[in-house]
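J.: Kindly return the folded structure for what I paste below:
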Amino acid sequence: VWELASLCGAGLCFIWVPGKLYERFLWGRTLQEEAGAGEVRTMQQHMSRMLSRSSAAMEELGTVLRESNREKSLNSLDTGRILEDLSERVCGSCEYHSSCWGERFSETYETIGAIMEAARYKGIIEKKDIPLFFLNRCNNSEEFIKRTNRHYELYRLNLSWENRMRRGAQIAAEELGCMAGMLQNLRNYLCTQLELDQNMSRRLQEELARGNLPVQRSQVLKDLKTGRYTLNMQIGTGYNKKLKVQLESRVSALLGIPIQVTDSRMIRQGLWDWKMEETCRLRVDGCILSKGVEIVSGDSTWMGQLPGGRYVAAISDGMGVGERAGGESERALRLLRLILNAGAEEAEAIRLLNSMLLLSGDGEHFSTIDMAVMNLYTGSVHIAKAGSAATILKRQGRIQIYRSDNVPVGIIEKAEWEVFQDQADEGDWIILASDGVFDQREGCEAVERRIRQVLLEEAGATSRQMARRIFDSVRGCGARDDMTVIAMKIGRK
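T.: From the prediction side, this is the model:
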């Protein structure tokens, strides 16, 4: 009887209790999570389609530009306009006009073809280049030669400008290809590599609620390729040190990895968006020393953080010395910084930079690039070089020197640049230097031996001390160019 009564009471409660309460307290959270995951998947699919279409469109535009703007040579000379001009202006009043341009037209045409062939090889037409039979019957041979030379020179100048425009279109096509690749990489990251971890988001929300932290919403994103987490939380207060410490402590304990707050910005009045990322395993202590031949150095440098836990150091050496060279190298590094921050890889970034400099210049002003990019999570190092001096890596007490014989950026359209790969860890060193450091009277090999000796002897130095000692060791060897040294010491976070 009691069992029957209990069953009936439970049934009545199920009928009378409003459905909204069940949705809120029982299965509502699960339904919300499933709906949220479905919305994320739908959004990812939409972004994937949009980015794929944009990438394919850019790739197709590049293909069209390449195919429709192939360079022409002097072999494609159109003799039709030359024939018309010669017939009207040189031969129009001649008594033999009807004969040369009528019954003997084939001989006249063949003669002009032979003249053009001579012009292609010599650049100018002389009287001896014209067949004797034609000279014997031509009353205006001097004017004929003069007018033909003028047409040929005009055609050559026009062709030069047309080909320059075609080369610009080819370079633009290469840029479109690089941008298409960047969009495709972005699509892969957002739509296949990045995942919303619903389970971890729920656990994080519950953990923060138990700690009475003012978190209204939390979201945990996981990079499936690297396994790293990125967290976004909406909090009812702005940045303060106490809340930062509490969040880092609780989130790190929950995930089992060190997490740090990287950003805090206001969404609207009373609501802030906090961003947290996995703490990098390594850090870089860097120092730059530079001395110019003139007051303004032609070398420019850049050190800083990139997205994804990467750290970059770069030297660019402009053509020559002084203010003009410094302006060229500074512009090259400014463009390189923008390209890398947009998500390009090292080799792709240098190719795109080369295209941009070619489009904005005339190929006579160039800059070298020496760049080291380090992943502070894994310790991998990518060393990219474009016409630059040697890069020296000291790893676990051993010295590795990377050299390259390729050209600087901004000279030629189709060139290949090398990107070397290595590893670095706590206590290792990376040394970048401009051409002026190695271009000494005693030779590059002697300078490399000096730097090698300093690196082996000064293991416990700071980056400032190391840069100063390398600088001092080569400064008295007869420098003939601007000198710049970047010393980077790898440490643990």
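J.: Tell me where the stretch 1-150 of the chain has helices.
T.: Assignment of helices within the stretch 1-150 of the chain using DSSP state H, counting those that start in this stretch yields the ranges 2-16, 19-25, 28-68, 79-85, 97-98, 105-122, 132-137, 141-188.
J.: One more: the stretch 201-350 of the chain?
T.: Using DSSP H, counting those that start in this stretch, helices in the stretch 201-350 of the chain cover 241-255, 322-341, 346-360.
J.: so which of those comes closest to residue 432?
T.: Closest to residue 432 of the helices of the stretch 201-350 of the chain, according to CB to CB: helix 322-341, at 12.6 Å. (Glycine included, C-beta is placed from N, CA and C.)
J.: got the contact list for the closest one?
T.: Outside of helix 322-341, the residues within contact range by CB atoms under 8 Å, 6 or more residues apart in numbering are 292-302, 304, 306-307, 312, 314, 316-319, 346, 349-350, 352-353, 356-357, 365-369, 371, 373, 409-410, 482.
J.: can you check stretch 211-221 too?
T.: For stretch 211-221, using CB under 8 Å, 6+ apart, the contacting residues are 194-197, 200-201, 204-205, 208-209, 229-237, 243, 246-247, 250, 271.
J.: Quick check: nearest residue in space to residue 139, chain neighbours excluded?
T.: Excluding the flanking residues, the one nearest residue 139 by CB to CB, 6 or more residues apart in numbering is residue 94, at 5.8 Å.
J.: Isn't that neighbour up against residue 141?
T.: No. In this structure, residue 94 is not within contact of residue 141 by CB atoms under 8 Å, at 11.0 Å.
J.: unless I'm mixing things up, residue 251 is touching residue 259, no?
T.: Yes. Using CB under 8 Å, residue 251 is in contact with residue 259, at 4.7 Å.
J.: Could you check how far the residue nearest to residue 139 is from residue 490?
T.: 84 Å (CB to CB, to the nearest Å).
J.: More neighbours: which of those two?
T.: Using other CB atoms under 10 Å as the criterion, residue 94 and residue 490 rank with residue 490 on top: 24 against 17.
J.: now the more buried one, which residues is it bridged with?
T.: residue 284 (DSSP bridges).
J.: is it true that it touches residue 428?
T.: Yes. Counting by CB under 8 Å, residue 490 touches residue 428, with 4.6 Å between them.
J.: any idea how far residue 107 is from the closest residue to residue 124 other than its chain neighbours?
T.: Spatial nearest neighbour of residue 124, chain neighbours left out: residue 149 (6.0 Å); criterion: CB to CB, 6+ apart. According to CB to CB, residue 149 and residue 107 sit 21 Å apart.
J.: same thing with residue 414?
T.: Residue 414 is 44 Å from residue 107, by CB to CB.
J.: between the two, who's got more neighbours?
T.: Neighbours per residue (other CB under 10 Å) separate residue 414 from residue 107, with residue 107 holding more: 15 against 9.
J.: who's in contact with that one?
T.: 100, 133, 134.
J.: nearest residue to the first one other than its sequence neighbours?
T.: Setting aside the residues directly before and after it, residue 100 is nearest to residue 108 in space (CB to CB, 6+ apart), at 5.1 Å.
J.: The second one now?
T.: Taking CB to CB, 6+ apart, and ignoring the residues beside it in sequence, residue 133 has residue 107 as its nearest neighbour in space, at 7.8 Å.
J.: What distance do you get for that neighbour to residue 137?
T.: Per CB to CB, residue 107 is found 9 Å from residue 137.
J.: Spell out the residue ranges of the strands in the stretch 301-450 of the chain.
T.: 310-318, 367-375, 380-386, 391-395, 398-402, 418-423, 429-433 (DSSP state E, counting those that start in this stretch).
J.: Need the distance between the two termini of stretch 128-143.
T.: With CA to CA, to the nearest Å as the measure, stretch 128-143 spans 15 Å from end to end.
J.: For it, buried residues please.
T.: Within stretch 128-143, the residues that qualify as buried are 129, 130, 134, 138, counting by 16 or more other CB atoms under 10 Å.
J.: any idea which of those is closest to residue 164?
T.: Using CB to CB, the buried residues of stretch 128-143 come closest to residue 164 at residue 129, 28.9 Å.
J.: Could you list the low-confidence segments of the stretch 301-450 of the chain?
T.: Per-residue confidence for the stretch 301-450 of the chain (pLDDT under 70) gives these ranges: 361-365, 441.
J.: With adjacent residues omitted, what lies nearest to the spatially most central residue of the chain?
T.: The residue lying closest to the centre of the chain (CA atoms, centre = their mean) is residue 349, at 2.1 Å. Using CB to CB, 6+ apart and skipping residues adjacent in sequence, the residue nearest residue 349 is residue 339, 4.5 Å away.
J.: quick revisit: distance-wise, check the residue nearest to residue 100 relative to residue 132.
T.: 15 Å.
J.: Repeat that for residue 437.
T.: For residue 437, the distance to residue 132 - CB to CB - is 66 Å.
J.: Provide a ChimeraX selection command restricted to the buried entries of the contacts of stretch 211-221.
T.: Typed into ChimeraX, the line below selects the buried ones among these, using 16+ other CB under 10 Å:
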select :194,196,200,201,204,205,208,229,230,231,233,235,243,247,250
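J.: Now, the contacts of stretch 211-221 that are in strands?
T.: 194, 195, 196, 229, 230, 231, 232, 233, 234, 235, 271 (DSSP state E).
J.: And those residues, which is closest to residue 223?
T.: residue 194 (6.1 Å).
J.: Extract the residue ranges of the stretch 101-250 of the chain that are flagged as low pLDDT.
T.: Looking at the stretch 101-250 of the chain by pLDDT under 70, you get 163.
J.: Try it again at 90.
T.: Counting by pLDDT under 90, the ranges of the stretch 101-250 of the chain that qualify are 101-248, 250.
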